[in-house]
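Engineer: Below is the sequence, then the predicted model.
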Amino acid sequence: MSMIQETVEVDVPLSTAYDQWTQVEDFPRFMDGVEQVTRIDERHSHWRTSFSGVPREFDTEIVDRQPEQRIAWQAVGGDVRQKGVVSFARLDDDRCEVRLAMDYDPQGVAHHAADTMGVIDRRVRGDLERFKSFVEERGVD
């Protein structure tokens, strides 16, 4: 498995960033290659993605949730193998840090090549930067 760790500072209160991250249906608006996320229930979501033209569908399960602190998940079913945690830390009243750590097992030649060349790390970094822009543009609730 490969590990990615990325962090971004966001200029909104921690509660705003955390609340936005729980809106999984919005993930396609800032995550590259994510076409659709459908909430199944409080702990499960169905994902439809595409990477290098290869479509994938899989489900995720939230395995740990500590409100306004962290959300941990793992892929269940399908051919995607990943697990991770996103954590939130207050910097001051109007800023917070969002940290993502993810383990994944690249599947197929394209994914292995992308992993070796750092493409997946850059994609995740870009996703966090787009999340930052997305949540800052929406502003405080």
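Structural biologist: Happy to help now that I have it. These numbers come from a predicted model, not from an experiment.

Engineer: what about the protein, any weak spots by pLDDT?
Structural biologist: For the chain, residues meeting the criterion pLDDT under 70 lie at 1, 106-119, 140-141.

Engineer: can you do 80?
Structural biologist: 1, 51-53, 77-80, 105-121, 139-141 (pLDDT under 80).

Engineer: Run through the strands of it in chain order.
Structural biologist: Assigned by DSSP state E, the chain shows strands spanning 2-10, 34-39, 44-51, 54-66, 70-76, 81-92, 95-105.

Engineer: Give me the buried positions along the shortest one.
Structural biologist: Residues of strand 34-39 classed as buried by neighbour count (16 or more other C-beta atoms under 10 Å): Val34, Val37. C-beta here means a position set from N, CA and C on the backbone, and glycine is covered the same way.

Engineer: Listing partners with orientation, what would you give for it?
Structural biologist: Strand pairing for strand 34-39, determined by DSSP bridges: strand 44-51 (antiparallel).

Engineer: the longest helix in this protein is where?
Structural biologist: helix 119-138 (DSSP state H).

Engineer: Many thanks, I have nothing further to ask.
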